[in-house]
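dropping the sequence and predicted coords here.
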Amino acid sequence: MANISIRKRFWALLLSIILCSSAFLYGVAPSAYADSPVSIHMHGGAGLVFQLDFRYPDGTTQTFDVPGNTTGGGIVTDLAIGDELLEVRVYLGSVLPANLIETIIPADIAHRNDKDAHMTNDGSMGPASSGGTREVNSGRINFWYRGGVPLNNGDYYTQFSPYGLKTVEGATLAGTAGIFSFEVYEIVDGDRFGPVCTGTNDEFGNIFFEAIEYDEEGTHTYVMSEVQDPMWHWTLDDSEFTFTVEVVIVNPDDTNLAILVAYPDYDDITPTFFNEFDPLELILEAEKLAYNPAGVELPAGTLTDGQFEFAVYRIINDDGDLSAAPVATGTNDASGLITFSPIELIYDDTQLDSFYFAVMETSLSGGGWTVDDAIFRVGYGWESTEDGCELVLMGIFLDDFQYDFIAFINTRDNPPPPPPPNDNTPKTGDLSQGLYLFAGLLLVVGVAATAISRKQTMKA
């Protein structure tokens, strides 16, 4: 029985070896082979950085930064067979974000000898016609860059995309993406021509412009500025940045072109534009009422200035979650009026159809008072006007009811007793009134005695 078992194991092992060998010969790689690390090598493109976006089979994406001329060791990645190349961005300079020269789609990499293609490969990437440019190579991807700075071989044009930065105040960069416009004009003999390209800002503050193409040597001077169209509550930046693009031949033996860019007036600092949004102020008001346990409102003078404290929180989602910190606080005055500190509304708020606040009392019960635990929900929206938009109150809500105003009711647990009546009747044990009467009686007796004595003296 032992010999039969050994023979079965031997034939099973031999069969598995044959199947694996057949799969390899017919191009079906084992999983370990597919999981081996893949390196990316970029031939050409000295002085450039290539950002390659890949998509994995599970739908997630990964970006790899590959410097030009990485023909040696290359960049080691976790790519595997079947991963798809989505896009390649070519930047001038080694520090990102730098000037974007061009964006290459996978279709531009499909044909090695196509003059319009800016990148070619050694066949390690499948053509776009097969359902996408997917990796089919076992562990090395070679790209040849055939455009931009410097060119590899052949008579190709080159191009350059200006780049700037946007900073904002009173708004977030993400909330202002795409709302500002920028232009680049070429300066020739002191006159402006163009714009030769336009751009806008993204959610990270980058300003990307369209590419300017060159097919011959030359020096070009440009000026970059922000379009000065008035914008509601915005202060625009009227700065102008001058820069120079020099197009030169890299190798005198051919017509390869390279681009040198300088911002001479600004010490090579990236042109940066600043915009400020003048925030809107929203001030909420509420009322404080004082009652006794029987539900009767207490008279004026019961409340004092600053006696109770209140807060306003931003409702940040549909689940009713509140902001971590209050956006406004307030106290009551002696008349019961509650005034809150101003709520600052930034530009991002103006892009919302509606937004809500939660208004509540933050004082604790004690000292003979029971505070109100009600939480009012106050909603606001926007109404378009000729000058921009106007803030409007959408409603004040408590539980399932809507109210016209916000009112907090605090109850005085032990109201002070009423003042005693104005009664001068002597009370039991009050000796002062008795002393007064006794003194008066003595005075009367003294006067009477004096009068009698005087009469007796006159008779004598």
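Looks like it came in fine.

and stretch 410-423, average pLDDT?
Averaged across stretch 410-423, the pLDDT comes to 70.

should've said stretch 58-71
Mean predicted confidence for stretch 58-71 is 84.

which element follows the helix or strand of the chain with the lowest mean pLDDT toward the C-terminus?
Least confident element among the helices and strands of the chain, by mean pLDDT, DSSP states H and E: helix 31-34 (a mean of 33). The C-terminal neighbour of helix 31-34 among helices and strands, as given by DSSP states H and E, is strand 38-43.

other SSEs contacting that following strand?
The elements that strand 38-43 packs onto, with contact taken as 3 or more CB pairs under 8 Å, 6 or more residues apart in numbering; DSSP states H and E, are strand 61-67, strand 75-77, strand 140-145. All C-beta atoms are positioned from the backbone trio N, CA, C, and that covers glycine.

hey, C-alpha coordinates of the helix or strand just after the shortest one in PDB?
So that's strand 75-77. The first helix or strand that comes after strand 75-77 along the chain, using DSSP H and E, is strand 84-92. What follows is the C-alpha trace of strand 84-92 in PDB, where atoms were taken according to Å, rounded to 0.1, in the frame of the first residue of the first chain:
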ATOM      1  CA  GLU A  84      -3.900  50.000 -17.100                       C
ATOM      2  CA  LEU A  85      -2.100  53.200 -18.000                       C
ATOM      3  CA  LEU A  86      -4.500  56.100 -17.800                       C
ATOM      4  CA  GLU A  87      -2.500  59.200 -18.500                       C
ATOM      5  CA  VAL A  88       1.000  60.700 -18.500                       C
ATOM      6  CA  ARG A  89       1.700  64.300 -17.500                       C
ATOM      7  CA  VAL A  90       5.100  65.800 -18.500                       C
ATOM      8  CA  TYR A  91       6.500  68.500 -16.200                       C
ATOM      9  CA  LEU A  92       9.500  70.800 -16.800                       C
END
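
who are the packing partners of strand 84-92?
In terms of contacts (3+ CB pairs under 8 Å, 6+ apart), strand 84-92 is packed against strand 48-55, strand 99-104, strand 133-134.

partner strands of that strand and their direction?
Applying DSSP bridges, strand 84-92 is found paired with strand 48-55 (antiparallel), strand 99-104 (antiparallel), strand 133-134 (antiparallel).

rebuild these as CSV, extending it with mean neighbour count and mean pLDDT.
Rendered in CSV, the data for those read as follows (neighbours: other CB atoms under 10 Å; pLDDT from 0 to 100):
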stretch, mean neighbour count, mean pLDDT
strand 48-55, 20, 87
strand 99-104, 20, 76
strand 133-134, 22, 66
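
can you check which of the ones you listed gets nearest to G190?
strand 99-104 (25.4 Å; CB to CB).

quick one, what contacts the closest residue to A311 other than its chain neighbours?
Leaving aside its chain neighbours, A311 sits nearest to P326 (4.0 Å; criterion: CB to CB, 6 or more residues apart in numbering). Residues counted as contacts of P326 (CB atoms under 8 Å, 6 or more residues apart in numbering) are 311-313.

buried ones in stretch 241-249?
When burial is assessed from 16 or more other CB atoms under 10 Å, stretch 241-249 yields the following buried residues: 241-243, 245, 247.

out of the residues you listed, show me where the pLDDT dips lowest.
Looking at the buried residues of stretch 241-249 by pLDDT, the weakest one is V247, with 77.

helix or strand: which one has it?
With DSSP H and E as the test, V247 turns up in strand 240-249.

return the list of helices and strands in contact with that strand.
strand 212-214, strand 218-226, strand 257-262.

follow-up on the earlier one: just name the most buried of the helices and strands packed on strand 38-43.
The highest average neighbour count among the helices and strands packed on strand 38-43, using mean count of other CB atoms under 10 Å, belongs to strand 140-145 at a mean of 21.

what about the spatially closest residue to F241 that is not a sequence neighbour, how many neighbours?
Once its chain neighbours are removed from consideration, F241 has its nearest residue in P271; the separation is 3.6 Å (CB to CB, 6+ apart). Counted with other CB atoms under 10 Å, the neighbours of P271 add up to 23.

pretty sure P271 contacts L165?
Yes: proximity of P271 to L165 meets the contact threshold set by CB atoms under 8 Å, at 7.1 Å.

give me the common contacts of those two.
Between them, P271 and L165 share the neighbouring residues I207, with contact defined by CB under 8 Å, 6+ apart.

contacts only, for the residue nearest to F241.
Applying CB under 8 Å, 6+ apart, one finds that P271 lies in contact with 163-165, 207, 224, 239, 241, 243, 263.

just the buried ones from those?
Buried among these by 16+ other CB under 10 Å: 163-165, 207, 224, 241, 243.

would you format those residues as TSV with distance to T60 included?
TSV is the format used below for those (distance: CB to CB, whole Å):
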residue	distance to T60
Y163	28
G164	31
L165	29
I207	29
M224	36
F241	38
F243	38
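
returning to what we had before: mind checking the helices and strands packed on strand 38-43 for the one nearest to L85?
Nearest to L85 among the helices and strands packed on strand 38-43 is strand 140-145 (8.8 Å), distances taken as CB to CB.

give me the sheet partners of that closest one and which way each runs.
Here strand 140-145 is paired, per DSSP bridges, with strand 38-43 (parallel), strand 119-121 (antiparallel).

now that strand - C-alpha only, PDB.
Presented in PDB, the C-alpha positions along strand 140-145 are these (Å, rounded to 0.1, in the frame of the first residue of the first chain):
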ATOM      1  CA  ARG A 140      10.200  46.000 -17.200                       C
ATOM      2  CA  ILE A 141       8.400  48.800 -19.100                       C
ATOM      3  CA  ASN A 142      10.500  51.000 -21.500                       C
ATOM      4  CA  PHE A 143       9.200  54.300 -22.800                       C
ATOM      5  CA  TRP A 144      10.800  56.600 -25.300                       C
ATOM      6  CA  TYR A 145       9.800  60.200 -25.100                       C
END
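
so for it, mean pLDDT?
74.

now stretch 312-327
Stretch 312-327 shows an average pLDDT of 92 in the prediction.

stretch 223-233 too?
Taken as a whole, stretch 223-233 has an average pLDDT of 90.

F182 is nearest to which of the helices and strands packed on strand 38-43?
With distances scored as CB to CB, the stretch of the helices and strands packed on strand 38-43 nearest to F182 is strand 61-67 (25.4 Å).

give me the helices and strands touching the closest one, please.
strand 38-43, strand 48-55, strand 75-77.

which one, of those strands, ends up nearest to I212?
Ranking the helices and strands packed on strand 61-67 by their distance to I212 (criterion: CB to CB) puts strand 48-55 first, at 16.7 Å.

and the angle for that closest one with strand 61-67?
Between the axis of strand 48-55 and that of strand 61-67 there is an angle of 160 degrees, by axes from the mean of the first three to the mean of the last three CA atoms, to 10 degrees.
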